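A.B. asks: Return atomic coordinates for the entry below.
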Amino acid sequence: MALDYSKWDKTYKVSAEEVKELDANGGKREFEEVPFGKYEVKIAKMELGASKEGNPTLKVQFKVLNGKYKGNSFFMNQVVTKEYSIHKANEFLRSLDSGEEIAWTGSYAEYATLIDKVFEAIDGNLEYAIDYSCNSKGYSEYKIEDVFEVEE
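C.D. replies: Numbers count the residues shown, from 1 in each chain. Purely as a prediction, here's the structure:
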């Protein structure tokens with residue numbers, strides 16, 4: 001029995017020009033960098049991962065939901081190796097209004113599980129108004145200003 005390839009052609013609209021462009025530039029997409037500002041976003045990805053140096057890092061991908069930068073992403077990478085940096089990560093996690101109790105227990109494995117639970121609770125359920133800015137020391141800041149339930 002042969003597969004009906006035309007069904008895939010109708011379902012998955014993959015542009016030959018876009019694939020050629022990606023092939024030509026090594027798979028890199030050209031997205032305009034999202035400048036500092038206020039945006040409505042969803043959290044597309046969140047995990048405890050490692051920085052380039054191998055340090056534990058809270059990694060968050062924000063996807064812009066509307067306006068000029070709709071579909072573009074910006075990222076938060078908060079290294080969590082000291083008390084203050086863990087405190088800052090906890091403040092951010094609390095601001096997401098996931099319903100999970102946010103606390104550092106002294107274990108990175110438990111922290112990773114907590115971050116996964118927070119993401120699971122908000123994914124597809126909550127969106128945010130965020131103020132994406134730069135502080136006086138040149139570091140990016142991410143302040144959740146409002147939380148919205150996703151309407152089905």
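A.B. asks: just for this structure, where's the confidence low?
C.D. replies: Scanning the chain for pLDDT under 70 picks out 1-3, 28-31, 152.
A.B. asks: how about a cut-off of 50?
C.D. replies: For the chain, no stretch has pLDDT under 50.
A.B. asks: Now do the strands in it.
C.D. replies: 37-50, 56-64, 73-79, 126-134, 140-149 (DSSP state E).
A.B. asks: Pull the longest one out as CSV, backbone CA atoms only.
C.D. replies: The C-alpha atoms that make up strand 37-50 are tabulated as CSV, following Å, rounded to 0.1, in the frame of the first residue of the first chain:
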residue,chain,number,x,y,z
GLY,A,37,9.9,47.2,25.8
LYS,A,38,6.6,46.0,27.0
TYR,A,39,5.1,42.9,25.4
GLU,A,40,2.4,40.3,25.7
VAL,A,41,4.1,37.0,25.7
LYS,A,42,3.7,33.3,26.4
ILE,A,43,6.5,31.2,27.8
ALA,A,44,7.4,28.8,25.1
LYS,A,45,10.1,27.0,27.0
MET,A,46,11.5,27.0,30.6
GLU,A,47,14.0,24.7,32.2
LEU,A,48,17.0,24.4,34.5
GLY,A,49,19.9,23.9,32.1
ALA,A,50,23.5,24.7,31.9
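A.B. asks: Pairing partners for it, with directions?
C.D. replies: strand 56-64 (antiparallel), strand 126-134 (antiparallel) (DSSP bridges).
A.B. asks: cool, and the shortest one?
C.D. replies: Its sheet considered, strand 73-79 pairs with strand 56-64 (antiparallel) by DSSP bridges.
A.B. asks: My read is that residue 47 contacts residue 57, right?
C.D. replies: No. If you go by CB atoms under 8 Å, residue 47 and residue 57 don't touch, sitting 9.1 Å apart. The C-beta positions use only the backbone N, C-alpha and C, and glycine is treated the same way.
A.B. asks: Those two - which one has more neighbours?
C.D. replies: Each of residue 47 and residue 57 has its neighbours counted (other CB atoms under 10 Å); residue 57 has more, 21 against 13.
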